[in-house]
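Chemist: Show me the folded form of this:
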Amino acid sequence: MSSDISAQTVKELRDKTGAGMMDCKKALQAAKGDIAQALESLRLKGLASADKKSSRKAAEGIIDSYIHTGGKIGVLLEVNCETDFVARRIEFQNLVKNIAMQIAASPTVEYVSTNDIPSDTIENERRIEALKEDLANKPEQIRDKIVEGRIQKRLKELSLIDQPFIKDQDITIEELVKQNIALLGENIKVARFERFTLGVS
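Modeler: A predicted model of the protein is given here:
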């Protein structure tokens, strides 16, 4: 089988394991499309159970800060895990640092996930898109589809966990977090963050 793995096969493996899309795709490519072999590979890495841990309560963790070189951009970030033991692990602390750096490097990001975006913000974005000149002469059904596609793209621009990781563009922040859930064996949640830009209130 070629290295082109169908989206349907990737989805099937994701449904069976709960691992991230890119992890599933890489496992399938390495296994030449063999789902059973890819499944075993993900289990060995501990990725197959990451999603199952994501429903567990995460009340420990750390609040960390990152000040970008030059002192003009700063980030304050809270990331939670299940135990103080994991919060003290260097891997967890490195994850938090990486996420803080990601926020500093992502000026469009305002929310942890698209689920956190208020409905009135979404409606406002939808209204702006619907009034754009390039859509004026399109049939309503096509216009609605284009608007919805643009809205989804815009919401992902606002969402931290949907951003490609600055140190590895093949994975998103969500997948980076899942990798660390698998590594550390605990649920990990990005709770909240604040980005400060000098001179901007």
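
Chemist: Just the helices from this structure, written as ranges.
Modeler: Assignment of helices within the chain using DSSP state H yields the ranges 7-17, 21-30, 35-45, 50-53, 84-87, 90-104, 119-130, 140-158, 173-184.

Chemist: if you compare those, which one is most tucked away?
Modeler: Burial of these is given as mean neighbour count (mean count of other C-beta atoms under 10 Å); helix 173-184 ranks first at a mean of 22. Yep, even glycine has a C-beta here, placed from its N, CA and C like the rest.

Chemist: in this structure, which helix or strand is least confident?
Modeler: The weakest-scoring helix or strand in the chain, judged by mean pLDDT, DSSP states H and E, is helix 50-53 (a mean of 60).

Chemist: With residue 194 as the reference, name the closest of the helices of the chain.
Modeler: Among the helices of the chain, helix 90-104 comes nearest to residue 194, with 8.9 Å by C-beta to C-beta.

Chemist: Next, give phi and psi for the residue located most distally from the centre of the chain.
Modeler: The centre of the chain is farthest from one residue, residue 137, which by C-alpha atoms, centre = their mean lies 35.8 Å away. Main-chain dihedrals, residue 137, degrees, to the nearest 10: phi -100, psi 10.

Chemist: do you know how far it is from residue 38?
Modeler: 47 Å (C-beta to C-beta, to the nearest Å).

Chemist: what residues are up against the closest residue to residue 116 other than its chain neighbours?
Modeler: For residue 116, ignoring the flanking residues on the chain, the nearest one in space by C-beta to C-beta, 6 or more residues apart in numbering is residue 159 at 7.8 Å. Residue 159 makes contact with 109, 111-114, 116-117, according to C-beta atoms under 8 Å, 6 or more residues apart in numbering.

Chemist: Return the per-residue confidence for residue 159.
Modeler: Note on residue 159: pLDDT of 95.
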